[in-house]
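Undergrad: task: produce atomic coordinates for the following.
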Amino acid sequence: QVQLVESGGGLVQPGASLRLSCAASGFTLDYYSIGWFRQAPGREREAVSCISYSDVGTKYADSVKGRFTISRDDAKNTVYLQMNSLNAGDTAVYYCAAALGLCPTGWRQYDYWGQGTQVTVSS
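TA: Residues are numbered from 1 along each chain as shown. Now for the predicted structure:
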């Protein structure tokens, strides 16, 4: 059974850090680009970051550049999103998704999705 499972979300204060994990089972991530997306209540799904297969390259939304870092450990079949200097604008449900090929621009081009993990930044 193909599955992506996110973990690492939580409630933190502004300025804090979190590391999200996206663990795959039922398939190997080696040939997939992995994207992180987020969706806040009443807002569109937003692409946050993506790492291509074989670590060819990474992408970041302007709103998270310099604060978030995406990485992958194919031996563990896991992708990480290190999030630093969190602010209220980062509050959302975060999803990871897998797509063949280099990081697609549209979320509809991703084949597999996790169930999401809630990140809440509040004082």
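
Undergrad: separation between residue 35 and residue 63?
TA: 15 Å (C-beta to C-beta, to the nearest Å). All C-beta atoms are positioned from the backbone trio N, CA, C, and that covers glycine.

Undergrad: apart from its neighbours in sequence, what residue is nearest the most centrally placed residue in the chain?
TA: For the chain, the residue nearest the mean C-alpha position is residue 36 (2.5 Å; C-alpha atoms, centre = their mean). Closest residue to residue 36 apart from its sequence neighbours, by C-beta to C-beta, 6 or more residues apart in numbering: residue 48 at 4.4 Å.

Undergrad: show me what the helix or strand harbouring that neighbour is packed up against.
TA: Per DSSP states H and E, residue 48 falls inside strand 46-51. Counting contacts by 3 or more C-beta pairs under 8 Å, 6 or more residues apart in numbering; DSSP states H and E, strand 46-51 is packed against strand 32-39, strand 58-60, strand 68-73, strand 78-83.

Undergrad: in JSON lines: those, plus mean pLDDT.
TA: Shown next, in JSON lines, are the helices and strands packed on strand 46-51 (pLDDT from 0 to 100):
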{"stretch": "strand 32-39", "mean pLDDT": "97"}
{"stretch": "strand 58-60", "mean pLDDT": "96"}
{"stretch": "strand 68-73", "mean pLDDT": "96"}
{"stretch": "strand 78-83", "mean pLDDT": "98"}
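
Undergrad: ok, back up a step: am I right that the residue nearest to the centre of the chain is in contact with residue 50?
TA: Yes. Counting by C-beta atoms under 8 Å, residue 36 touches residue 50, with 7.2 Å between them.
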